[in-house]
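In: turn this into a structure:
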Amino acid sequence: MNGQTDVPALRWGFVGTGGIANAMANVVATTPMAALRAVSSRRRTSADEFADRYDVALRFHDWQAMLESGDIDAIYVATPTSVREEISIAAANAGKHVLAEKPFASSASVKRIIEACRRNDVAFMDGTHFVHHPRHHAIKDGMAELVGSPWSVASAFQFGLQDRSDIRYNTELEPMGAIGDAGWYNMRAALEYLPGDAVPDSVEAVLRRDEETGAAIGGSGVFQFTDGSTTTWNCGFDSGALVMDLCITGFEGVINIDNFLSQDEDGSARYFYKRGSWGPDVIREDRHVESGLSGAALMFEDFAVIAARAELREDFAWATLHTQKLLDACWEAAMRA
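Out: Numbering: from 1, shown residues only. As a prediction, this is how the structure comes out:
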């Protein structure tokens, strides 16, 4: 879908001025298919500082007022999870396309957002970047040849975050903590790379909590799906180093990525596969996938394409809903443990 240069640039309004909004403002500047026109924050000074930093023409301290603007086509919802549904549905009802950060409050919340977007003929997508990069498509297209039928996905997304003033330590605004923030990617990897409809047959999960705030700062678990495939995962804010590992195991071979959520500075990315167990039978091949843009930039370009068609892409909506369903199942299992 990428590379549709004949698609007009979407005029974006950002709701939120936190770290992820700043990161995406820099991303928008790398693609001609997106233009940042407005920003909203509850704090007027935050909106002003953000607008000055990224040369944004319109600034609001009320997101409802921004939705009334005729100068924006789409909304990027970079707010705490607790208010994401309200803003997303209001944006859809105002005729604005919706790109929302993740996670969501629940799968029921996702369903309501999707229905609002479908009812208003606007595009909807969650902010998962890696699925838009050509490495992801290369792996999915080559899966049968490289590994045969995959039966296991093992993933880890861990990093250090000890700042308790960070919103992710706030159990009211981000109730799932690291499980929602980082674990989303573990769930999405299982959904993308395992066969079938990712319906869990059994779920085991444990949490690690911060003693001072009670926030979930890490977790581990395993899913077994109804087709017999499994996924094991680790995520958290309590790692001494950044880890973004992914291993896809099939009966014919294995695919490994040591940075499945990021790319090189030039937008390219790598993965390798191996086959055989010992000695001369072992085959290992490193593969390099070229791309002039990051996965995040390609996400904005893909979004512009579906917005130009004024349609809800059902496959994107399905992926968001079922990722959240896996996340909900994980959280419920951890609460029972």
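In: quick check: which element contains the nearest residue to D71 once chain neighbours are set aside?
Out: Sequence neighbours aside, R37 is the residue nearest to D71 in space, at 5.5 Å (criterion: CB to CB, 6 or more residues apart in numbering). C-beta coordinates here come from the backbone N, C-alpha and C atoms, glycine included. Following DSSP states H and E, one finds R37 within strand 34-40.
In: ok, that strand: who's next to it in the sheet?
Out: Sheet pairing for strand 34-40, assigned by DSSP bridges, gives strand 10-15 (parallel), strand 58-60 (parallel).
In: circling back to that earlier point, I'd like the distance between the residue nearest to D71 and R11.
Out: R37 is 5 Å from R11, where distance means CB to CB, to the nearest Å.
In: anything in contact with each of the two?
Out: Common neighbours of R37 and R11, counting by CB atoms under 8 Å, 6 or more residues apart in numbering, are 71-72.
In: what's the residue nearest to D71 in contact with, if anything?
Out: Contacts of R37 (CB under 8 Å, 6+ apart): 11-13, 56-58, 71-72.
In: and what of V153?
Out: 189-190, 193-194, 229-232, 246-249.
In: cutoff 10 Å now
Out: Neighbouring residues of V153 by CB atoms under 10 Å, 6 or more residues apart in numbering: 186, 189-194, 223, 229-233, 246-249, 255.
In: ok, R53 next?
Out: Contacts of R53 (CB under 10 Å, 6+ apart): 17, 22, 25-26, 39.
In: quick check: PyMOL command selecting the buried ones in the residues you listed.
Out: Typed into PyMOL, the next command selects the buried ones out of those (criterion: 16 or more other CB atoms under 10 Å):
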select buried, resi 17+22+25+39
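In: which of the contacts of R53 fall within helices?
Out: 22, 25-26 (DSSP state H).
In: between those, which is closest to G177?
Out: N22 (21.3 Å; CB to CB).
In: I'd say the closest one and S41 touch.
Out: No: the pair N22 / S41 is not scored as a contact, 11.8 Å apart, by CB atoms under 10 Å.
In: overlap of the contact sets of those two?
Out: 14, 16, 50.
In: for V39, see how far away the second one is.
Out: Remark: distance between G16 and V39 (CB to CB) = 8 Å.
In: what do the two both touch?
Out: Counting by CB under 10 Å, 6+ apart, the residues touching both G16 and V39 are 46-47, 50, 63, 76, 78.
In: just the buried residues of those.
Out: The buried subset of the shared contacts of G16 and V39 - by 16+ other CB under 10 Å - is 46-47, 50, 63, 76, 78.
In: so which of these belong to strands?
Out: Y76 (DSSP state E).
In: and the buried ones among the shared contacts of G16 and V39 as TSV, adding distance to R336 and pLDDT?
Out: Output for the buried ones among the shared contacts of G16 and V39, formatted as TSV (distance: CB to CB, whole Å; pLDDT from 0 to 100):
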residue	distance to R336	pLDDT
S46	39	95
A47	42	96
F50	41	97
W63	37	96
Y76	35	98
A78	32	97
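In: pick the one among the buried ones among the shared contacts of G16 and V39 closest to G267.
Out: Y76 (20.6 Å).
In: in a markdown table, list the shared contacts of G16 and V39 along with distance to H133.
Out: As requested, the shared contacts of G16 and V39 are arranged in a markdown table below (distance: CB to CB, whole Å):
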| residue | distance to H133 |
| --- | --- |
| S46 | 31 |
| A47 | 31 |
| F50 | 27 |
| W63 | 30 |
| Y76 | 19 |
| A78 | 20 |
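In: quick one: contacts for G240?
Out: Counted by CB under 10 Å, 6+ apart, G240 has contacts 158-160.
In: does M187 touch C330 like I think?
Out: Yes: counting by CB under 10 Å, M187 touches C330, with 6.9 Å between them.
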